[in-house]
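Colleague: coordinates only, sequence not included:
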RNA sequence: GCCGGAGUGGUGGAAUGGCAGACACGGAGCACUCAAAAUGCUCUGCUCGAAAGGGCGUGCGGGUUCAAGUCCCGCCUUCGGCACCA
């Protein structure tokens, strides 16, 4: 029989934790009231501040959670629980991003319906999350695979499909450019003499066009449209991918399959229309600079000019984009991407001109032969090969010459694969004097180099100069840039070019439109049907959702991963009775025959708007009640900290925590959808995530044997060398090497939260994870160290409960002065740390206070109660239990967080540090309100100071009351 | 190559320009115990010293300052992101 039957052990923790989780569920403790909609409880909303705290949408993985996953969930939970104690109406919940590749791949292998495995995984994950004691509003746990959810995903798609971007329309905030219903565009087309009109390629006006022609015109405007364009095709996956899903070595982010560029008709999202707003509005949100930089980089906005170069023998000029129009006088040749559509019309018939430099011809007999050979070779090169070639420039002369508009010089036109068709105009003016790549090419092909910016002193002769400097060699009869700085020269030449009709200022972006269709089964079907003319139509709202049908075979047709010539075939295409339908779309044309779109949406679709559905998940009439959206997400009265003067707050989720791996993909797509919904008047907020915080990762030790293969980490033992005391590691008797890496199956280093619950309890796990270090840092997991968190909670428990009798042992006596001061210092520190996510330092302060209480003979009730309240956000179960045992019947959840008494924060006396020449030499207890003069005098009288200043004193720095620095002569 | 972050004890980490190393893990010792575990207490940056006390110390080299982990300049290492982006 144990002598301490009431000790806080893992078993007791489990009993307490399960009991409180049941009670929270029964009482609906974390149900957050809504102002409107099906769950309207306006009286509970009134007079309280709101707070919306969310985690990134998780995928319910079949392996369950490991200890790295809950880091962010615990952090948001602590934050949310803290704010409930400050009286706010806090909404915190979590759903499932349940469409996804793993379930589908499992289905392909086993024939098991992906819905079944996904739902099973969700059950496991739900259990694990509940066991953590997260204060989620469980009514709002949505899943993207529910038809009731994806009905609204499809509805949003039709909203985007039925919209166009009007760059001239004025927004409520005064800016220009917003989405408008496509019906308004059609109305303008139909208006005779209206401000907008359209003609098709044959010159026929709107009124005379047939349906197919009109659909083609509208596809040029719709924000969701189909287009035949080069897309990323991964034969090994059997699907196409967005640019964001392709790694920089030309492989799929998921599965690491080769990706090829193929021309296919696919669904696209016109995200480029929002490029400026997506870049500019980063100034309005509170996000890590790193993530803002990644988005800006991805959008890749650059200011420059478009300049047209006339070409000998054709009427069509070559248009280039340049960010350095000031260097135009140094343009000595041009380069087109091999795929550039003008190449064919440029290449002259017949043989090379007799004076052609032999290095330009690559040994081919004629320009046409050389170009054909080079294009073929370029098309066969993968992105990887193009990259590994690095700076070795290849290319070939087209035989054509263009004219430099500023000086009339005839300059040769090349094709080379260092110019990319996907950026700018796919053609450049080459300025070797001021560009490294052009310099390399010019050197290789013996082309002239003219410096048009004076290099700085000492700049090597044999290198291009890309820095700032005065323009040289840059004048014609009408304009001179000589002597001007780069930005003045740019402005001057652009003005001249524009006046002459040779060019105009322009802005270019790296961002491409978002490829939105996938040839997969496990995703949202498009709410789109095609009529017998092949014209697309949105399915009317009344027919949503378009439910995902069952199929005999879940796999898209996959191919040899290297088979670039293969074509995608979506699985839904095999369900003929689903694909071919007769519908009345309500457009007055009655029942007609249609074919359904057989592609499905990418995984990102469901995660682009889920945070909005949390706000009103039971609403059948709308994706979210506007009042609920305005309440939870609406703009704040004041902009975020650090935002520029005059900026309007965008609103959005008050705190969003998730991994930085979604910095570009999810966060950019969600912002885009949100802005469309904002423009169309469906949401008041202009950004989805007002404050985003990217948490670090938890890494765990992994071990490899002598062949470099990972071995099961849990079976590795630590061996201490008896002679040197150095530790090494062994697995089944063999020596292994240790490293720290991402937790997962591949490194065999998974630590499950289930093990932690069993050995320590959820509260201990929560405290340990929050105490490891700053939330934004990646930190190594150390199971051995978890015991520190458990000891803290155990001491806390013992301060309140007698381990032998189970009786409450706090005493109803007033606080002594030292305890009161320690308590209020802790309150002060902790209430600064919680709102700023400084949980590691908050825990350190709480441990200090708890240890101070441990040293008392008996713990005063006031100190114990306030400590328990402060611990509650971090370790809610033990706090609830102690709170109840201290005699309270209500949950601690809404207890008011203690407020520090400022009078208790000022000490009567403080330790003054006495420095001599900046080094600490003595200490002195002084009254905290001591005057500078009195302190100086006292310090100068100290024996050590007297001894050190025998030669005299140079200066004395007094920072009363904490520091005096005496500097002797 | 470009952009951004990080380098502090044996380990994770803490420090509005003002006592470097809070708190925790690990380690050492002591108490309790027949013993062990658990728990409690003490010590724990390196170094010289019996001690008192001293010297050194926040990746490296400079600088600013009475005073630098913190600010500035130049490097090194490392981790992310982007990358022939005109």
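Modeller: All right, it came through fine. Since we're looking at a predicted model, the values are computed, not measured.

Colleague: Distance from stretch A:419-427 to the middle of the chain?
Modeller: 27 Å (C-alpha atoms, centre = their mean, to the nearest Å).

Colleague: typo on my end, stretch A:871-889
Modeller: That offset, for stretch A:871-889, works out to 36 Å (C-alpha atoms, centre = their mean).

Colleague: What strand or helix carries residue A:841?
Modeller: For residue A:841, the host element (DSSP states H and E) is helix A:839-854.

Colleague: Can whichever helix or strand comes after that helix be said to contact RNA strand B?
Modeller: Downstream of helix A:839-854, the next assigned helix or strand under DSSP H and E is helix A:861-871. No - Helix A:861-871 is not in contact with RNA strand B by C-beta under 7 Å from any atom of the strand; minimum separation 13.1 Å. (Each C-beta comes from the backbone N, C-alpha and C, glycine too.)

Colleague: so helix A:861-871 versus helix A:839-854, what angle?
Modeller: Put simply, helix A:861-871 runs at 160 degrees to helix A:839-854, going by axes from the mean of the first three to the mean of the last three C-alpha atoms, to 10 degrees.

Colleague: Can you pull out the residues in contact with helix A:861-871?
Modeller: For helix A:861-871, the external contacting residues (C-beta atoms under 8 Å, 6 or more residues apart in numbering) are A:85, A:796, A:799-800, A:810-815, A:819, A:823, A:826-827, A:830, A:846, A:849-850, A:853, A:878-879, A:882-883, A:886, A:892, A:895-898.

Colleague: Please apply the same query to stretch A:98-107.
Modeller: Applying C-beta under 8 Å, 6+ apart, the external contacts of stretch A:98-107 come out as A:59-62, A:112-114, A:117-118, A:121-122, A:143-145, A:254-255, A:520-524, A:554, A:603, A:606.

Colleague: What helix or strand is the residue in chain A that RNA strand B sits nearest to located in?
Modeller: Relative to RNA strand B, the nearest point of chain A is residue A:788 (2.6 Å; C-beta to the nearest atom of the strand). Using DSSP H and E, residue A:788 maps to helix A:786-800.

Colleague: pLDDT below threshold where in the stretch 551-700 of chain A?
Modeller: A:556-557 (pLDDT under 70).

Colleague: RNA strand B contacts on that one?
Modeller: A:660, A:664.

Colleague: tell me the strands in the stretch 101-250 of chain A, going along the chain?
Modeller: Shown for the stretch 101-250 of chain A, the strands assigned by DSSP state E, counting those that start in this stretch span residues A:163-170, A:176-181, A:224-234, A:239-241.

Colleague: burial measure for residue A:110, as a count.
Modeller: 10 (other C-beta atoms under 10 Å).

Colleague: Kindly report the same for residue A:534.
Modeller: The tally of other residues near residue A:534 (other C-beta under 10 Å) stands at 11.

Colleague: which residues touch it?
Modeller: Contacts for residue A:534 (C-beta under 8 Å, 6+ apart) come out as residue A:212.

Colleague: Let's verify it: helix, strand, or coil?
Modeller: Put simply, residue A:534 is coil when judged by DSSP: H, G, I helix; E, B strand; the rest coil.

Colleague: Quick check: pLDDT value at it.
Modeller: On pLDDT, residue A:534 comes in at 92.

Colleague: Also residue A:721?
Modeller: 63.

Colleague: Residue A:194 now?
Modeller: We have a pLDDT of 53 for residue A:194.

Colleague: and the strands of the stretch 101-250 of chain A, which one's lowest on average pLDDT?
Modeller: The minimum mean pLDDT among these belongs to strand A:239-241 (a mean of 80).

Colleague: From the contact counts, what lies against the following helix or strand past that strand?
Modeller: Using DSSP H and E, the helix or strand that follows strand A:239-241 in sequence is strand A:260-269. The helices and strands touching strand A:260-269, judged by 3 or more C-beta pairs under 8 Å, 6 or more residues apart in numbering; DSSP states H and E, are strand A:224-234, strand A:514-515.

Colleague: Point out the most buried one among those strands.
Modeller: strand A:514-515 (a mean of 22; mean count of other C-beta atoms under 10 Å).

Colleague: average pLDDT across that strand?
Modeller: Across strand A:514-515, pLDDT averages out at 90.

Colleague: Measure how far it is from the centre of its chain, please.
Modeller: With C-alpha atoms, centre = their mean, you get 17 Å for strand A:514-515.

Colleague: May I have the strands that pair with it, each with its orientation?
Modeller: strand A:260-269 (antiparallel) (DSSP bridges).

Colleague: close to RNA strand B, is the strand it pairs with?
Modeller: No - Strand A:260-269 is not in contact with RNA strand B by C-beta under 7 Å from any atom of the strand; minimum separation 12.5 Å.

Colleague: Sort out which residues of that strand are buried, please.
Modeller: A:260-262, A:264, A:266-269 (16 or more other C-beta atoms under 10 Å).

Colleague: One more: stretch A:210-228?
Modeller: Those would be A:213-215, A:217-218, A:221-226, for stretch A:210-228 by 16+ other C-beta under 10 Å.

Colleague: Neighbours of the spatially closest residue to residue A:3 that is not a sequence neighbour, how many?
Modeller: Computed as C-beta to C-beta, 6 or more residues apart in numbering, the closest residue to residue A:3 that is not its neighbour in sequence is residue A:804, at 6.4 Å. Other residues lying near residue A:804 total 12 when counted by other C-beta under 10 Å.

Colleague: before we move on, which element is residue A:804 in?
Modeller: Here residue A:804, judged by DSSP H and E, is contained in no helix and no strand.

Colleague: quick one, what contacts it?
Modeller: With contact set as C-beta under 8 Å, 6+ apart, residue A:804 has these partners: A:3-6.

Colleague: Apply 10 Å and report the result again.
Modeller: A:2-7 (C-beta atoms under 10 Å, 6 or more residues apart in numbering).

Colleague: Residue A:460 and residue A:439, how far apart?
Modeller: Taking C-beta to C-beta, to the nearest Å as the measure, residue A:460 falls 11 Å from residue A:439.

Colleague: Sweet, I'm off.
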